[in-house]
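Colleague: pasting the structure only:
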């Protein structure tokens, strides 16, 4: 399965729409583009494999593999990119401003459900990021 993240860039954050084919899965927020600088920039556009991950801080979430010059790029709940993200991607239910959104945990639950459905079919999951 390939998920498509279509981004819109703003000086204070990045807003995105995450699709599975033509179906909108959720919206996303990220830090603004700052030349892929670790912990202060969103990651470059590209194609990345997604894997399941667990931590005490975020519980069950996803990690992107193969991000050039970066590691531990996660997809986890957050509602304000500048306050809660360090290069990661947060699913949200709706955008409220550039890099801000609402009901991130609900959006994360929907994304995880879709991810696990694909795993049950033994399909790898990829995220394609573009503008």
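Modeller: Structure received. These numbers were taken from a predicted model, which means no experiment stands behind them.

Colleague: Before we go further, residue 119 is sitting in a helix, right?
Modeller: Yes - remark: residue 119 belongs to a helix, assigned using DSSP: H, G, I helix; E, B strand; the rest coil.

Colleague: where exactly do the helices run in this structure?
Modeller: 81-84, 104-120 (DSSP state H).

Colleague: Would you single out the least confident of these?
Modeller: With a mean of 93, helix 104-120 has the lowest mean pLDDT of those.

Colleague: Between the helices of the chain, which one is closest to residue 52.
Modeller: Nearest to residue 52, of all these, is helix 104-120, at 7.1 Å by C-beta to C-beta. (Glycine included, C-beta is placed from N, CA and C.)

Colleague: Please name every helix or strand in contact with the closest one.
Modeller: Secondary-structure packing of helix 104-120 (3 or more C-beta pairs under 8 Å, 6 or more residues apart in numbering; DSSP states H and E): strand 23-30, strand 46-55, strand 59-65, strand 90-92, strand 125-130.

Colleague: could you dump the helices of the chain to TSV with distance to residue 10 and mean neighbour count?
Modeller: As requested, the helices of the chain are exported to TSV (distance: least, C-beta to C-beta, whole Å; neighbours: other C-beta atoms under 10 Å):
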stretch	distance to residue 10	mean neighbour count
helix 81-84	10	17
helix 104-120	18	16
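
Colleague: Identify whichever of those lies nearest to residue 91.
Modeller: The nearest among these, by C-beta to C-beta, is helix 104-120 at 3.7 Å.

Colleague: got the angle between the closest one and strand 125-130?
Modeller: Helix 104-120 and strand 125-130 are oriented at 130 degrees to each other (axes from the mean of the first three to the mean of the last three C-alpha atoms, to 10 degrees).

Colleague: Touching helix 104-120 from outside, list them.
Modeller: For helix 104-120, contacts defined as C-beta atoms under 8 Å, 6 or more residues apart in numbering pick out 1, 3, 18, 20, 25-27, 50, 52, 60-62, 75-79, 90-93, 101, 124-125.
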